[in-house]
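Engineer: After the sequence you'll find the predicted model.
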Amino acid sequence: MADQAAVTADEAPTTTMQDRIEFMFARDRFAASILVAALWVTVFFVLLSVRSYITTTAIEVVCWIAAAMLLLFNTASIIAMFRHYAADKVHIYSVDIRHLDAGR
């Protein structure tokens, strides 16, 4: 009876390499999305916080344009990273998984 339980536990399906790759990719996308959202919140918080210290309208406009460019380029780079990782995720994550497994 105990041998049968051990065999059943050993035959439990393990996650495939593709499942592990998809999980790691989804986790990385989620983390990067959270960080981009935090960047947006931080930039708007800083701009709204220092607004009362800005003396001229021209400086305020320059600050808003600079913030918009910062957010645009950072968000675009993260989106480009998502596309690159999606296209090459098997190579990128399989190396990571092999190294993680070797360290166990």
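Structural biologist: Ah, there it is. Computed from a predicted structure; not experimentally measured.

Engineer: State the number of residues packed around Gln93.
Structural biologist: Residue 93: Tyr, not Gln. 21 (other CB atoms under 10 Å). The way it works is simple: take the backbone N, C-alpha and C, and place the C-beta from them, glycine included.

Engineer: For the residue sitting nearest the centre point of the chain, grab phi and psi.
Structural biologist: Nearest residue to the geometric centre of the chain (CA atoms, centre = their mean): Ala32, 2.3 Å. In terms of degrees, to the nearest 10, the main-chain angles of Ala32 are phi -70, psi -40.

Engineer: The longest helix along the chain packs against which elements?
Structural biologist: Ranked by residue count and defined by DSSP state H, the top helix of the chain is helix 57-102. Here helix 57-102 touches helix 17-50, going by 3 or more CB pairs under 8 Å, 6 or more residues apart in numbering; DSSP states H and E.

Engineer: which residues of this structure score low on pLDDT?
Structural biologist: Within the chain, the stretches with pLDDT under 70 are 1-14.

Engineer: Report the contact partners of the residue nearest to the centre of the chain.
Structural biologist: Counting by CB atoms under 8 Å, 6 or more residues apart in numbering, Ala32 touches Ile78, Met81, Phe82.

Engineer: how about a cut-off of 10 Å?
Structural biologist: Ile78, Ile79, Met81, Phe82, Tyr85 (CB atoms under 10 Å, 6 or more residues apart in numbering).

Engineer: Right, I'll leave it there.
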